[in-house]
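Engineer: dropping the sequence and predicted coords here.
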Amino acid sequence: MSTEGDYDCIVIGAGVQGSFSAYELAKRGRRTLLLEQFVLPHSRGSSHGQTRIIRKAYDQDYYTVMMDESYRLWSQLEEEAGVKLCRQTGLLVMGPENGTYQVLKNTLQRNGVPMVILQPEEFSKHIPHVNLADGDAALVDITAGVLYADRALRAVQGQFQKLGGIITDGQKVTDIRPGDLVTVMTSGGVYRAKNLVVTAGCWTNTLLSYIGLQLPLKVLKINVYYWKEKDPGCYSLQNRFPCFLQIECPEAEHLIYGLPSNEYPGLMKVCYHMGSETKPDERDRQTDKSDGDILKRYLTRCFPGLVPEPAVVESCLYTVTPDEHFVLDCHPVHNNIVIGAGFSGHGFKFGPLIGKLLCELSLGEVPSYDLSPFRIRRFQEHSKSAL
Ligand SMILES: Cc1cc2nc3c(=O)[nH]c(=O)nc-3n(C[C@H](O)[C@H](O)[C@H](O)COP(=O)(O)OP(=O)(O)OC[C@H]3O[C@@H](n4cnc5c(N)ncnc54)[C@H](O)[C@@H]3O)c2cc1C
Ligand SMILES: O=C(O)[C@@H]1CCCCN1
């Protein structure tokens, strides 16, 4: 066996995080293989679909700060690939004055993020067709907008290939043997590399079981609902309607969020930031739609311009950690194996930066940001390490 390996690095999983990790490694001249179990593009994981929200509005400063660079990296990719990936729409945040709304507003103010606070009496002048709940405050994060998700994946994978990177799709990784050279077995071959990056979304624990590690990750099926505009275009991107987040409302225990109508003209995407547990390969057997009733009640009260009956329902998966913060770390024993997981339904917007950080970890460099919120160690009492 050669001590060089076939590649400098193998990345498992061609979702948004693996694709950006592979791209960063190739940019740094590393011979990189990106392995994907399904034939690309596919819609069985977490990164498919037309759109995602990009925003700086976060509770924690570190996410807001990280987004600064992530926005720059998104525009770099737009330039390199010659495609438009982000559309600035703003993000309307609504919620009771005290509580999470206030925390988020403070984070935006502390970090000098451009925003507008909407007084309740002038709310409907700026945001027509929305009823602000009594006692709710509202602001707009001006930086926010829509990311074109499927298009972004195509762009980053295309750039990776232009840099000489190899994508092998339709090959499922079935075993991993750690060592100075890591051996990766798939349904179609055996590959060796000095470094391995595992970005396998909701399949992460299956892959980690081959290398003696389990993380406290829950897999949730999210119903992606589209609702018909009574007056076509009234919530549309063309008419400058923003994305929105509704924090703490009587109908819902968790966030409700929406994106302006765009990809399916006349239909607005509004979803619930919670779902029911599933196994990743049994997604379509999870048929719970109780979130739809929560959304119907909310939309009837606050979005009178939408027909409160779903017009289109799609599916997507979240991989959620107990604190909803990401996992960006090296394997505790095999430090040539890096793990990016648990993006908890909010990781897409960070894709280019996650790729850079996982690349830095993989190359043994000091990461550009303090990664302590993202360490595996924080789960000590949960993780069933077989090491
Ligand atoms: C409904 C919904 C709405 C969201 N909204 C937002 C939003 O507005 N803004 C935002 O920033 N984020 C959002 N997110 C979150 C974001 O989309 C995810 O955090 C992100 O897509 C996770 O990417 P990933 O690469 O970790 O996972 P995935 O995209 O699932 O990629 C993992 C890949 O690994 C592959 N794989 C797994 N096992 C193997 C194996 N054994 N062999 C080979 N390949 C394997 C899988 O097939 C898959 O392609 C949302 C997510 C959902 C579901
Ligand atoms: O990451 C986001 O911006 C959205 C917010 C609402 C829940 C889903 N993810």
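Structural biologist: Happy to help now that I have it. Ligands and ions are numbered 1, 2, ... in the order given.
Engineer: three-state assignment of Thr174?
Structural biologist: Following DSSP: H, G, I helix; E, B strand; the rest coil, Thr174 is assigned to strand.
Engineer: and after the longest strand belonging to the chain, which helix or strand comes next?
Structural biologist: The single longest strand within the chain, with elements called by DSSP state E, is strand 306-320. Sequence-wise, the next helix or strand downstream of strand 306-320 (DSSP states H and E) is strand 327-330.
Engineer: ok now that following strand, how far from the chain's centre?
Structural biologist: Remark: strand 327-330 is offset 16 Å from the chain centroid, using Cα atoms, centre = their mean, to the nearest Å.
Engineer: circling back to that earlier point, can the longest strand of the chain be found next to ligand 1?
Structural biologist: Yes. Counting by Cβ under 6 Å from any ligand atom, ligand 1 is contacted by strand 306-320 at 316-318. For glycine as for every other residue, the C-beta is placed from the backbone atoms N, C-alpha and C.
Engineer: and which of the residues you listed is nearest to ligand 2?
Structural biologist: Nearest to ligand 2, judged by Cβ to the nearest ligand atom, of the residues of strand 306-320 next to ligand 1 is Tyr318 at 8.3 Å.
Engineer: would you list the residues of strand 306-320 next to ligand 1 in JSON lines and tack on pLDDT and distance to Asp329?
Structural biologist: Converted to JSON lines, the residues of strand 306-320 next to ligand 1 look like this (pLDDT from 0 to 100; distance: Cβ to Cβ, whole Å):
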{"residue": "Cys316", "pLDDT": "98", "distance to Asp329": "25"}
{"residue": "Leu317", "pLDDT": "98", "distance to Asp329": "21"}
{"residue": "Tyr318", "pLDDT": "98", "distance to Asp329": "20"}
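Engineer: which residues are in contact with the closest residue to Gly342 other than its chain neighbours?
Structural biologist: In this structure, Gly342 finds its nearest non-sequential neighbour in Thr321, 3.8 Å apart by Cβ to Cβ, 6 or more residues apart in numbering. Contacts for Thr321 (Cβ atoms under 8 Å, 6 or more residues apart in numbering) come out as 215-217, 327, 342, 344, 379.
Engineer: show me what contacts the one residue in the stretch 251-387 of the chain that gets nearest to ligand 2?
Structural biologist: Going by Cβ to the nearest ligand atom, ligand 2 is nearest to His346 of the stretch 251-387 of the chain, at 3.4 Å. Contact partners of His346, counting by Cβ under 8 Å, 6+ apart, are Glu324.
Engineer: so it, which state does it fall into?
Structural biologist: coil.
Engineer: for it, give me the pLDDT.
Structural biologist: pLDDT recorded at His346 is 98.
Engineer: do Met1 as well
Structural biologist: In this prediction Met1 is given a pLDDT of 43.
Engineer: still on that earlier bit, tell me which two of the contacts of Thr321 sit farthest apart.
Structural biologist: Ser344 and Phe379 (13.2 Å; Cβ to Cβ).
Engineer: picking up where we left off before, for the residue of the stretch 251-387 of the chain closest to ligand 2, grab phi and psi.
Structural biologist: Torsion angles at His346 (phi, psi; degrees, to the nearest 10) stand at phi -140, psi 30.
Engineer: state the distance from it to Ile339.
Structural biologist: Going from His346 to Ile339 by Cβ to Cβ, to the nearest Å gives 18 Å.
Engineer: over to Gln286?
Structural biologist: Gln286 is 26 Å from Ile339, by Cβ to Cβ.
Engineer: these two - which one has more neighbours?
Structural biologist: Ile339 (26 against 18; other Cβ atoms under 10 Å).
Engineer: which SS class is that one?
Structural biologist: strand.
Engineer: quick one, helices of the protein?
Structural biologist: 16-27, 61-81, 100-110, 123-126, 149-162, 204-209, 290-302, 351-362 (DSSP state H).
Engineer: a markdown table for these, including distance to Pro250, mean neighbour count and mean pLDDT?
Structural biologist: Listed next are those as a markdown table, based on distance: least, Cβ to Cβ, whole Å; neighbours: other Cβ atoms under 10 Å; pLDDT from 0 to 100:
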| stretch | distance to Pro250 | mean neighbour count | mean pLDDT |
| --- | --- | --- | --- |
| helix 16-27 | 34 | 29 | 99 |
| helix 61-81 | 27 | 16 | 98 |
| helix 100-110 | 15 | 17 | 98 |
| helix 123-126 | 18 | 14 | 96 |
| helix 149-162 | 31 | 19 | 98 |
| helix 204-209 | 36 | 20 | 98 |
| helix 290-302 | 9 | 17 | 97 |
| helix 351-362 | 34 | 26 | 98 |
